[in-house]
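In: here is the input, now give the coordinates:
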Amino acid sequence: MTTSVIITAKAPSPQGNSGGQRLLRAELPSRNGSAFRRCNAVEVVLGTGLVMASELCKTISEAKLERHKNLFLNYRNLHHFPLELLKDEGLQYLERLYMKRNSLTTLPENLAQKLPNLVELYLHSNNIVVVPEAIGSLVKLQFLDLSDNALEIVCPEIGRLRSLRHLRLANNQLKYLPADLGRSRELQYVYVDNNIHLKGLPSYLYNKVIGCSGCGSPIQVSEVKLLSFSSGQLTVFLPAEVKSIGTETDRVLPLQELAMRTLYNTYYRFLKDLNFLTPISLPKSLLELLHCPLGHCHRCSQPMFTIVYPKLFPLRETPMAGLHQGRTTVSFVAYCCSTQCLQTFDLLS
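Out: The predicted structure follows:
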C-alpha cells in the first residue's frame with residue numbers, strides 16, 4: 001500500500017522576527033510507512049539550510065545598519081556572492097571583508113560600486129577561476145588574498161590597483177602574470193608559490209618581497225596554447241593579450257603599433273580624453289585597445305598595444321636567488337616597447 005507523507009520544516013523569517021516563521025512543505029511517497037523514518041532527516045537538512053540563509057541575511061543586515069567596518073563570512077558554504085551585500089547602496093563603510101573557505105567561483109562585476117571603501121579582501125580557499133575586470137576599480141584596496149583557488153588568469157586590470165601593497169596568489173594554476181603587475185610603487189609583497197606552470201615574473205617585481213617556491217615545472221608541448229618565449233634553457237608563457245613578439249633584429253615597428261602609439265600620444269597625453277574617438281573613426285577592437293594598452297615598457301614606460309619585446313633574466317642573477325635556490329626555475333621577464341629599449345634595459349641598473 002502506497003500513501004503520501006506531508007513533512008514541514010520551520011525556519012525563522014528572513015527579517016529575523018521571532019514571531020514570524022516560514023513553513024516549507026514537501027510530499028513524499030510512502031510504502032508501509034517507510035518514509036516516516038526519513039522525515040526527521042529531511043526536516044533537519046531543509047531546516048538547517050533555511051536557518052543558515054536567515055543567519056547570513058541577519059549578519060549582513062546588522063553590518064549595514066550599524067555601519068560595520070569588518071564583516072566575517074568565513075566557513076559559510078557559500079557558492080555565490082551574497083546578493084544581500086550588493087542590494088541598494090551596498091556596504092559603503094565596509095573596509096575588510098573575510099570570505100575564506102567557501103565555494104565561490106566568481107566575483108560580481110559591481111563589487112567596487114557596492115563596496116567602494118574596501119581596504120582588505122580575503123578570498124582564500126574558494127573555487128574562483130576568473131577575477132572580473134571590475135576589481136581594478138577598488139581604488140582603496142591594499143590587501144588581496146586569492147590563495148588556494150582555481151585561478152588560471154589574473155586580469156590586467158589588477159595592475160590598476162594603485163593602493164595595493166600585499167597580493168597573495170599562491171596555490172593556483174597560473175601560467176603568467178599581467179605585464180604591468182608591480183608597476184605601482186605601493187605593491188611590496190607578492191606571493192605566487194606553487195603555481196607550477198608559472199615561469200616568468202614581470203621585472204617590475206624585482207626588489208620586491210616575492211614568494212615563488214614550487215613554481216616553474218617543465219612545460220609540456222601539449223599545454224602550450226599561449227605565446228611563449230625562450231632564451232637558452234628558459235621558456236616562459238606570455239600574457240594572453242600579447243599577440244605578437246618582437247626581436248632584437250626588428251628594424252621597424254609594425255604599422256598598426258605605430259598608429260596606435262601616435263593616437264594615444266595625441267589624444268591622451270595632450271588632450272587627456274579618448275572619449276570623442278568613436279567606432280566610426282576607429283574599429284571597436286582598436287578603440288578598446290587604445291583605452292587599455294597591453295602594458296607599459298619596463299624601460300621607458302611607453303604604452304604597448306599590439307607587440308612586446310621580451311627579455312629574460314634568470315633568478316640566479318638577482319638578489320632573490322639565495323632564497324629560492326634549488327626550489328624554482330622562475331625568471332624575471334622585462335617587456336620592452338622596441339629593440340632599442342630591449343638592448344639597453346638592465347635589471348640591475
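
In: mind telling me what element His61 is part of?
Out: If you look again at residue 61, you'll see it is Ser, not His. In this assignment (DSSP states H and E), Ser61 forms part of helix 36-65.

In: check which element follows that helix along the chain.
Out: Using DSSP H and E, the helix or strand that follows helix 36-65 towards the C-terminus is strand 70-72.

In: tally of neighbours for the residue lying closest to Ala63 once chain neighbours are set aside?
Out: With CB to CB, 6 or more residues apart in numbering as the criterion, Ala63 has its nearest non-adjacent residue at 5.0 Å, and that residue is Leu71. Yep, even glycine has a C-beta here, placed from its N, CA and C like the rest. For Leu71, the count of nearby residues is 19 (other CB atoms under 10 Å).

In: give me the pLDDT for Leu71.
Out: For Leu71, the pLDDT comes out at 96.

In: was I right to think it contacts Tyr93?
Out: No: here Leu71 lies out of contact with Tyr93, judged by CB atoms under 8 Å, at a distance of 10.2 Å.

In: how about Leu263, secondary structure?
Out: Classification of Leu263 into helix, strand or coil gives helix, according to DSSP: H, G, I helix; E, B strand; the rest coil.

In: for Val129, see how far away it is.
Out: Per CB to CB, to the nearest Å, Leu263 is found 34 Å from Val129.

In: so these two - more neighbours on which side?
Out: Shown here are Leu263 and Val129; by other CB under 10 Å, Leu263 has more neighbours (18 against 14).

In: now that one, nearest residue through space, not along the chain?
Out: Once flanking residues are discounted, Leu263 sits nearest to Leu290: 6.1 Å by CB to CB, 6+ apart.

In: just to check, that neighbour is in contact with Asn265?
Out: No: contact criterion CB under 8 Å: Leu290 and Asn265 do not qualify, at 11.0 Å.

In: what about these two, which has more around it?
Out: Neighbour comparison, Leu290 and Asn265: the larger count goes to Leu290, with 20 against 12 (by other CB under 10 Å).

In: part of a helix, is the more buried one?
Out: Yes: per three-state DSSP, Leu290 lies within a helix segment.

In: separation between it and Asn194?
Out: 37 Å.

In: try Thr59
Out: As judged by CB to CB, Thr59 and Asn194 stand 33 Å apart.

In: and stretch 103-110, how far out from the chain's middle?
Out: 10 Å (CA atoms, centre = their mean, to the nearest Å).

In: enumerate the positions of that stretch that are buried.
Out: When burial is assessed from 16 or more other CB atoms under 10 Å, stretch 103-110 yields the following buried residues: Leu104, Leu107, Pro108.

In: and what of stretch 259-266?
Out: Within stretch 259-266, the residues that count as buried by 16+ other CB under 10 Å are Ala259, Met260, Arg261, Leu263, Tyr264.

In: re earlier: between the buried residues of stretch 103-110, which sits nearest Leu205?
Out: Closest approach between these and Leu205, by CB to CB: Leu107, at 23.7 Å.

In: for the stretch 51-200 of the chain, what are the low-confidence residue spans?
Out: Along the stretch 51-200 of the chain, segments meeting pLDDT under 70 span 51-52.

In: try it again with 80
Out: Within the stretch 51-200 of the chain, the stretches with pLDDT under 80 are 51-53, 90, 179.

In: follow-up on the earlier one: possible to save the buried residues of stretch 259-266 as CSV with pLDDT and distance to Gly159?
Out: Compiled in CSV, those are given as follows (pLDDT from 0 to 100; distance: CB to CB, whole Å):
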residue, pLDDT, distance to Gly159
Ala259, 86, 24
Met260, 87, 19
Arg261, 89, 19
Leu263, 83, 21
Tyr264, 84, 17
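
In: which of the residues you listed lies closest to Arg162?
Out: Arg162 lies nearest to Tyr264 out of those, by CB to CB, at 19.8 Å.

In: residue contacts, the closest one?
Out: By CB atoms under 8 Å, 6 or more residues apart in numbering, the contact set of Tyr264 is Leu290, Pro293, Pro303, Phe305.
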